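Trainee: Requesting a structural model of the entry that follows:
(chains A and B)
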Amino acid sequence: MEPVQETSSPLDRPASRASLRELAAAGLLSPEAQDAALHWLEPRRDWWGWTSRALLFLGAALALSGIVFFFAYNWAAMAPFLKFAILETAVLGAAVAAWKVGFDRLGGKVLLLSASFLVGVLLAVYGQVYQTGADAWELFAGWAALILGWVLVSRFAALWIMELALVYFAAILYWGQVRQSEGAGLFVLLALLAGGLHVAFEAGARRGVDGLRPAWPRALLWTATLTDLTIGTGILIFDPGYAGGAGWAAAALLLAALAAGYGWYRHRAPSLPSLTAGAAALSTAILMLAGRLIFEQTFEAAAFFAYGIIILAVIGGAVLGLRRISRSMEVSVDD
Amino acid sequence: MTSRPSVRDLLRSLSAQGLFEETKTETASLHLAHAQAHRPMPVYLQALVGAGAWAAAICFLAFLGISGIVNEKTLWPAGLVLTAFAIALHRWSRHVFVAQTALALVLAGQAMAVGGIGETSNSFAAATAAAAVLAAALYPLYPDPLQRFLSTGIAIGLATGLVVERDLPHALHALVGAEAAAALWLWTRPRLAGNLRPLAYSVAVAVPGTLALLLADFEFGTPAWPSSILMAGAMAWAVAWAARGSINSEPVRLALAGAVLLAATFAPGLPAGVALLVLGYARRERGLAALGIASFAGALVMLYYDLGVDLGTKSALLGLSGLLLLVVREVLRRRPWARKEAA
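Mentor: Got it, this is the predicted structure:
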């Protein structure tokens, strides 16, 4: 999500590469002036910082993958005690190292993420050694519960997203294995989880909480919330009997989320990408409804022609509205 | 919110340096107001428009097919007529509804023309040639970034398909080399013109796409090493360009050594991914950088499945590679140039 702000004169909007190109194309900036402006706008690239982060993330990901595959492979040859000893030492070591390095530093955050990941490996090994007969959802729920404290202190968006993914897995498996129920209820539950976290992230970012400032986790959570609600609404549209009351709840929540999202992203925290996600969800719901109404009647050629026109009208309308909104915003997107 | 300077502040600064005449400030304001009204849409809006246009184009094709208005013989002329109509529509008005309809029609028209020519001539080569000619003709005639990206992408995709259809697996190396050379040539230009960006993105996407096809388990019977060498060369080119040609510094020499090391893995997607990542980071193109990350991650997964060793060996290789990277990071952090940059 790019930052946006309401402005009047184009001169008072944030300068961007696009605006420099436009001035140069109009003959108002010489190549030298363009270079000087670019130099001011975009400081020199921090190549070492970038390489260092890439090596850290890639190295940690590969090392953790190696540990997972090691325990998946070396099952019979290794005594359970040794397995637990290795994993528990690794979890403790990573957690202590994260504390020593500091949760505010990237190295500390990645170490805490590694410790959280290894907790899941430990639980999986525990389940295999003792054959507890527990359902798979309990593994994910337990994993999510055990790392919650670290998630709270980490102020690391990636760890929050991992926590949400674990809760998602637990909820999906619980729905299938325990509830064994059908319909749109699962999507309402998932939307409430993602939506709740999204609201918390927005509030945290608004208060300037360190680690919640990056826009990508909020964009991901907003998109996940809308996707879940749109799927739930789709189930209601195509099979109301199967969807049940939860389908109506999904539709109502979708409308409420769209209204609240419009108010928030249009006026309080302007964001054209988030408004676009909302417009895409609304368009999808409308097109699903139109598709059902048309193709329920006939599959003749005229139905396809009419549906094509409706698609153009709905998406075109959404884009038209978004472009009108964007005119009062300066989106700091280059190209 | 943003911390960027406003255009006004920037022009004042340039004026103070004697690089801009302050009397032209109002003219600049008028130009910017006009240009911003016609600025291409952000990529997420273009994606929405593109998805809608694709869906509508499929509906129109279904309508034409079911209604019997066009048949096998009239498919390609009808496609060309539809394409011409779409060009006229696009030129007539840039209103969102008209532009969206024109895009749907030009996509449907191209599909009909290319499919029709392939069908009547019973030749994949003819269809590929038609797609290439249409993409080249539409590039200046239909100045829309999304259309340009899609039509050039389709032409490149069909060219790759032709190589496969003709059973010329070794030619895939030449193709991916040409795609990488074109991507590097475009992305390393001092100033990439706006009208070339869709083409630059098309060829950049084609590189990992063709590599994935080359390495997929289709028994093409061609070794990976020619492309590995080519992609290592591409990575070296990208690094040297990002270093502005000064390849004598230690970090650049290390990066070049990394290219050679990655070539030795016979996973050409790895150096290709790094090359795209370097170009994306240097040019501040998030789309290109994301493509580089996806290419690198995809190549790692393919390499993992192609290793042909047991799980225990794979786990050791993965774990040790990870540790090696972390050790390399620690060693590099202590180098004087890294300390200087970090400071």
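Trainee: contacting residues for the residue lying closest to B:Leu48 once chain neighbours are set aside?
Mentor: Once flanking residues are discounted, B:Leu48 sits nearest to A:Ala280: 5.7 Å by C-beta to C-beta, 6 or more residues apart in numbering or on different chains. All C-beta atoms are positioned from the backbone trio N, CA, C, and that covers glycine. Taking C-beta atoms under 8 Å, 6 or more residues apart in numbering or on different chains as the criterion, A:Ala280 is in contact with A:226, A:318, B:48.
Trainee: any idea how far the second one lies from chain B?
Mentor: In this structure, A:Ala318 and chain B are separated by 7 Å, where distance is defined by C-beta to the nearest C-beta, to the nearest Å.
Trainee: Am I right that that residue is in contact with A:Leu282?
Mentor: Yes: counting by C-beta atoms under 8 Å, A:Ala318 touches A:Leu282, with 7.2 Å between them.
Trainee: So if I had to pick from these two, which one is more boxed in?
Mentor: Set A:Ala318 next to A:Leu282 and count neighbours by other C-beta atoms under 10 Å in any protein chain shown: A:Ala318 wins out with 23 against 19.
Trainee: Residue ranges in chain A under the pLDDT threshold?
Mentor: Along chain A, segments meeting pLDDT under 70 span A:1-8, A:43-44, A:74-75, A:330-335.
Trainee: Do you have the helices of it handy? List them.
Mentor: Along chain A, the segments classed as helices by DSSP state H run A:17-25, A:31-41, A:47-73, A:80-101, A:106-130, A:136-154, A:157-174, A:185-206, A:215-238, A:240-263, A:272-295, A:301-327.
Trainee: Would you tell me which one of the ones you listed is buried the most?
Mentor: Mean neighbour count (mean count of other C-beta atoms under 10 Å in any protein chain shown) peaks for helix A:215-238 among these, with a mean of 22.
Trainee: Extract the C-alpha trace of it and format it as PDB.
Mentor: Listed next in PDB are the C-alpha coordinates belonging to helix A:215-238 (Å, rounded to 0.1, in the frame of the first residue of the first chain):
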ATOM      1  CA  ALA A 215       2.100  -1.800   4.600                       C
ATOM      2  CA  TRP A 216       2.400  -5.300   3.200                       C
ATOM      3  CA  PRO A 217       1.000  -7.300   6.200                       C
ATOM      4  CA  ARG A 218      -2.000  -5.000   6.400                       C
ATOM      5  CA  ALA A 219      -2.600  -5.300   2.700                       C
ATOM      6  CA  LEU A 220      -2.300  -9.100   3.000                       C
ATOM      7  CA  LEU A 221      -4.800  -9.200   6.000                       C
ATOM      8  CA  TRP A 222      -7.300  -6.900   4.300                       C
ATOM      9  CA  THR A 223      -7.100  -9.000   1.100                       C
ATOM     10  CA  ALA A 224      -7.500 -12.300   3.100                       C
ATOM     11  CA  THR A 225     -10.500 -10.900   4.900                       C
ATOM     12  CA  LEU A 226     -12.200  -9.800   1.700                       C
ATOM     13  CA  THR A 227     -11.400 -13.100  -0.100                       C
ATOM     14  CA  ASP A 228     -12.900 -15.200   2.700                       C
ATOM     15  CA  LEU A 229     -16.100 -13.100   2.800                       C
ATOM     16  CA  THR A 230     -16.400 -13.100  -1.000                       C
ATOM     17  CA  ILE A 231     -16.100 -16.900  -1.000                       C
ATOM     18  CA  GLY A 232     -18.700 -17.200   1.700                       C
ATOM     19  CA  THR A 233     -21.000 -14.800  -0.300                       C
ATOM     20  CA  GLY A 234     -20.300 -16.900  -3.400                       C
ATOM     21  CA  ILE A 235     -21.500 -20.000  -1.700                       C
ATOM     22  CA  LEU A 236     -24.700 -18.200  -0.700                       C
ATOM     23  CA  ILE A 237     -25.200 -17.000  -4.200                       C
ATOM     24  CA  PHE A 238     -24.800 -20.400  -5.900                       C
END
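Trainee: quick revisit: so how far is A:Leu229 from the residue nearest to B:Leu48?
Mentor: 12 Å (C-beta to C-beta, to the nearest Å).
Trainee: since we're on B:Arg215, how many residues are nearby?
Mentor: Arg isn't right for residue B:215; it's Leu. 22.
Trainee: So the lowest-mean-pLDDT helix or strand in chain B, near chain A or not?
Mentor: Within chain B, no helix or strand scores below helix B:336-342, which has a mean of 78 by mean pLDDT, DSSP states H and E. Yes: using C-beta under 8 Å from any C-beta of the partner chain, helix B:336-342 comes into contact with chain A via B:337-338, B:341-342.
Trainee: Now the residue nearest the centre of chain A: closest residue in space, sequence neighbours ignored.
Mentor: Centroid check for chain A by C-alpha atoms, centre = their mean gives A:Leu220 as the closest residue, at 2.0 Å. Among residues not flanking A:Leu220 along the chain, A:Ile161 sits closest, at 6.6 Å (C-beta to C-beta, 6+ apart).
Trainee: Put the alpha carbons of stretch B:232-240 into PDB.
Mentor: Only the C-alpha atoms of stretch B:232-240 are listed here, as PDB (Å, rounded to 0.1, in the frame of the first residue of the first chain):
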ATOM      1  CA  ALA B 232      25.600 -16.600 -15.000                       C
ATOM      2  CA  GLY B 233      26.700 -14.300 -17.700                       C
ATOM      3  CA  ALA B 234      23.400 -12.400 -17.400                       C
ATOM      4  CA  MET B 235      23.900 -12.100 -13.700                       C
ATOM      5  CA  ALA B 236      27.500 -10.900 -14.200                       C
ATOM      6  CA  TRP B 237      26.200  -8.300 -16.700                       C
ATOM      7  CA  ALA B 238      23.500  -7.100 -14.300                       C
ATOM      8  CA  VAL B 239      26.000  -6.800 -11.400                       C
ATOM      9  CA  ALA B 240      28.600  -5.000 -13.500                       C
END
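Trainee: what is the mean pLDDT for that stretch?
Mentor: Predicted confidence along stretch B:232-240 averages 91 (mean pLDDT).
Trainee: got the contact list for that stretch?
Mentor: Under C-beta under 8 Å, 6+ apart, the answer for stretch B:232-240 is B:180-181, B:183-184, B:188, B:207, B:247, B:252, B:255-256, B:258-260, B:262-263, B:271-272, B:274-276, B:278-279, B:282.
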